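Q: sequence? don't have it. structure:
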């Protein structure tokens, strides 16, 4: 298998999702042709409204005799022998008011059942009172959550087995209900698909094996994405990186036979190139730790060390779909961190693109070195506010496990905008302190800063190291070391790559309008 064949095979999830027709119909579910219909009812609703649903009587009987416990997010499949529907996928709903997060999770569970059934056309029976039953009471947000939840739950990780089955293809997802005539339903559904597509891009890229995804291949994919959505793009190769004096990226990449790349995408949604969101993603396509070699156990998961790059590319894919009136710059410093005779060593001093020098105390603290040059380059290219995303520290995993993304910032207002967006998307974030005393720990005897400050406060000092290169611009650091790659599925996320923060970053940018 060639590198190109490998990456295209893995990205079939993106192709599959992009081909799903998402539509809204102001019709009763009994009037819609579908292989399966998803119903979100509480126990009382099955008693009172089963007659409105194809196959509903069978489900009602199961509820009444105790064969189906209608508990929150529990699912049960029933065969249907009436109308145009083959299966009823019943999802339990609590009697209490719902949130969009509840709706998203219910649809993710339903999608997994639809996948097992092998159906192609899926309809969601949207009760007339669903919006009034939710806390947000927002038509667009509910349509968004229904669509996004299903598409995220339908994700299937590609395998490379000899007898591997092709990715199952859903043809259509239809939201149906007699009260769905408003354009906000369709707009919300389209936004939900865009967010899910961006997340899928990030998942597929992060799941790629390290032998198939190297910096040049990541750059090629970014340029394909740019061509697809009409972004401006350019890529600096190793000679150009060296000529510009990007010593952080060059220092990390010089230990590998696969040279580094600096990748740039530019989306201009306003007439003037100002007020620019700068997204900087760590693109370490594989991390051995370099000379400060990691232990062998678990090193295979370091395919996810470019999860930050995947997140910002996923956000760009969502932005390309939605075309907001915003300016967005995406910068990805990408390298492999490998041990070799040419690799950087503990004790080396690197000169970054900003002119600042870095004392390298630990070559396994390489992500912050490439981000230093990425931040400076983003500022040079016009970014007026910066968000960096990186699988940066094990310390973030110790503090927050694989459940919550850590935040470090220099701008409280900017951070609160992101936190508000995260609450709408259901992705957990938590701010870490950034007191001046932490920044003092970065000082070096022989350089401007050092890249390792010991174990204490490691997630904070690593974030503040990156923030040094924001040079006073409003800046947020997102440490996704724990949340980018899961050992087992949870909620809307599968085992493996999650595409975390794609939806929150996209939501923040879109809601800035």
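A: Here it is on my side, so go on. From a predicted model like this one, the values you see are computed outputs, not experimental measurements.

Q: Tell me which helix or strand residue 23 sits in.
A: strand 21-25 (DSSP states H and E).

Q: quick one: strands adjacent to the following helix or strand past that strand?
A: Following strand 21-25 in sequence order, the next helix or strand is strand 36-41 (DSSP H and E). According to DSSP bridges, strand 36-41 has the following sheet partners: strand 87-92 (parallel), strand 121-125 (parallel).

Q: Which of those comes out lowest on mean pLDDT?
A: Among these, strand 87-92 has the lowest mean pLDDT, at a mean of 92.

Q: who touches it?
A: With C-beta atoms under 8 Å, 6 or more residues apart in numbering as the test, strand 87-92 has contacts from 35-43, 46, 53-56, 58-59, 68-80, 106-107, 109-110, 113-114, 117, 119. C-beta here means a position set from N, CA and C on the backbone, and glycine is covered the same way.

Q: in this structure, what residue sits furthest out from the centroid?
A: residue 65 (42.0 Å; C-alpha atoms, centre = their mean).

Q: ok, it to residue 385 distance?
A: Look at residue 65 and residue 385: by C-beta to C-beta, to the nearest Å, they are 58 Å apart.

Q: In helices, which of the contacts of strand 87-92 fall?
A: Applying DSSP state H to these, the entries found in helices are 43, 46, 56, 58-59, 106-107, 109-110, 113-114, 117.

Q: Tell me which residues of the strand holding residue 23 come out buried.
A: Judged by neighbour count (16 or more other C-beta atoms under 10 Å), strand 21-25 contains these buried residues: 22-25.

Q: Among these, which one lies nearest to residue 95?
A: Nearest to residue 95 among the buried residues of strand 21-25 is residue 24, at 26.6 Å by C-beta to C-beta.

Q: how far does the strand or helix carrying residue 131 sit from the chain's center?
A: According to DSSP H and E, residue 131 maps onto helix 130-133. Taking C-alpha atoms, centre = their mean, to the nearest Å, one finds the center of helix 130-133 at 28 Å from the center of the full chain.

Q: tell me the domain boundaries of this protein?
A: 3-197, 208-510 (automatic domain parsing).

Q: Highest mean neighbour count out of the ones you listed?
A: Mean neighbour count (mean count of other C-beta atoms under 10 Å) peaks for domain 208-510 among those, with a mean of 21.

Q: any weak-confidence spans in the stretch 401-513 of the chain?
A: 513 (pLDDT under 70).

Q: which stretches of it form strands?
A: Assigned by DSSP state E, counting those that start in this stretch, the strands in the stretch 401-513 of the chain fall at 405-409, 429-431, 449-450, 475-479, 485-486, 496-497.

Q: for the last one, packing partners?
A: Spelled out, it's strand 496-497. Helices and strands touching strand 496-497, by 3 or more C-beta pairs under 8 Å, 6 or more residues apart in numbering; DSSP states H and E, are helix 183-207, strand 485-486.

Q: Neighbouring strands of it in the sheet, and parallel or not?
A: Counting by DSSP bridges, strand 496-497 is paired with strand 485-486 (antiparallel).

Q: circling back to that earlier point, which of the helices and strands packed on strand 496-497 sits closest to residue 504?
A: Among the helices and strands packed on strand 496-497, helix 183-207 comes nearest to residue 504, with 9.6 Å by C-beta to C-beta.

Q: pLDDT on that closest one, on average?
A: 96.

Q: I'd like the next helix or strand past it.
A: Counting by DSSP H and E, the next helix or strand C-terminal to helix 183-207 is helix 215-229.

Q: Need the contact partners of the helix or strand following that next one.
A: Later in the chain than helix 215-229, the nearest helix or strand by DSSP H and E is strand 232-236. With C-beta under 8 Å, 6+ apart as the test, strand 232-236 has contacts from 219, 222-223, 226-227, 244, 246, 261-268.

Q: and if you look at stretch 35-47?
A: The contact list for stretch 35-47 (C-beta under 8 Å, 6+ apart) reads 29, 49, 53-56, 59-60, 63-64, 70, 80, 85-95, 103, 106-107, 110, 114, 117, 119-125, 127, 130, 150.

Q: Identify the residues contacting residue 393.
A: Residue 393 neighbours (C-beta under 8 Å, 6+ apart): 458-459, 462, 479, 481.

Q: Mind giving me the packing neighbours of the helix holding residue 131?
A: With contacts taken as 3+ C-beta pairs under 8 Å, 6+ apart, helix 130-133 sits against helix 139-153.

Q: ok, now which ones touch residue 419?
A: Contact analysis of residue 419 by C-beta under 8 Å, 6+ apart lists 407, 429, 431.

Q: distance of it from residue 478?
A: Distance of residue 419 to residue 478, given as C-beta to C-beta: 11 Å.

Q: what bits of the chain have low per-residue confidence?
A: Screening the chain residue by residue with the criterion pLDDT under 70, one finds the ranges 1-12, 513.

Q: Could you tell me which of the contacts of residue 393 are located in helices?
A: Using DSSP H, the contacts of residue 393 in helices are 458-459, 462.

Q: what's the closest of the residues you listed to residue 439?
A: residue 462 (11.9 Å).

Q: wait, what's in contact with the closest one?
A: 365, 367-368, 392-393, 395, 479.

Q: on that earlier part again, kindly indicate which of the buried residues of strand 21-25 lies nearest residue 508.
A: Distances from residue 508 to the buried residues of strand 21-25, taken by C-beta to C-beta, are shortest for residue 22, at 23.1 Å.

Q: can I assume that closest one is in contact with residue 189?
A: Yes. With contact defined as C-beta atoms under 8 Å, residue 22 and residue 189 form a contacting pair (5.1 Å).

Q: what is in contact with the two at once?
A: residue 147.

Q: For the contacts of residue 419, could you give me TSV that also reports distance to residue 252?
A: Listed next are the contacts of residue 419 as TSV, based on distance: C-beta to C-beta, whole Å:
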residue	distance to residue 252
407	24
429	27
431	28
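
Q: contact partners of the helix holding residue 131?
A: Helix 130-133 has contacts (C-beta under 8 Å, 6+ apart) with 40, 97-98, 127, 137-139, 142, 177.

Q: now, which of the residues you listed sits nearest residue 203?
A: residue 142 (24.3 Å).

Q: Could you check how far that closest one is from residue 375?
A: In this view, residue 142 and residue 375 are 38 Å apart by C-beta to C-beta.
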